[in-house]
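[1] Requesting a structural model of the entry that follows:
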Amino acid sequence: MLPFLRNIFCRKPRPQPRAAVDDFEIAYNRQRQQRQQEVDRILDKIAAKGVGSLTKKERKILSER
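    Predicted structure coming up:
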């Protein structure tokens, strides 16, 4: 069979999916999860004690979101 015809009918290997997630993505997701946990903690504090109980740092964290 002619080489160009053989190439038409041969299956091309599919690229393999990434086996591991990049370290950057892992670190990003970990930081994102930690920020979300901090915001959740602050919101729970607001629900329990009111907005007046927040520190300047906690207010800054909420304003960044």
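[2] helix/strand/coil for the residue positioned nearest the centre of the chain?
    Central residue of the chain (C-alpha atoms, centre = their mean): N29, 3.8 Å from the mean position. At N29 the chain is in helix, as set by DSSP: H, G, I helix; E, B strand; the rest coil.
[3] Where does A47 fall, secondary structure wise?
    If you go by DSSP states H and E, A47 is part of helix 23-49.
[4] Give the buried residues for the next helix or strand after that helix.
    For helix 23-49, the following helix or strand on the C-terminal side (DSSP H and E) is helix 56-64. For helix 56-64, the neighbour count (16 or more other C-beta atoms under 10 Å) marks E58, I61 as buried. Glycine gets a C-beta too; all of them are placed from N, C-alpha and C.
[5] pLDDT weak spots in the chain?
    Within the chain, the stretches with pLDDT under 70 are 1-7, 9-10, 17-21, 65.
[6] ok, 50 please
    By pLDDT under 50, the chain has no low-scoring segment.
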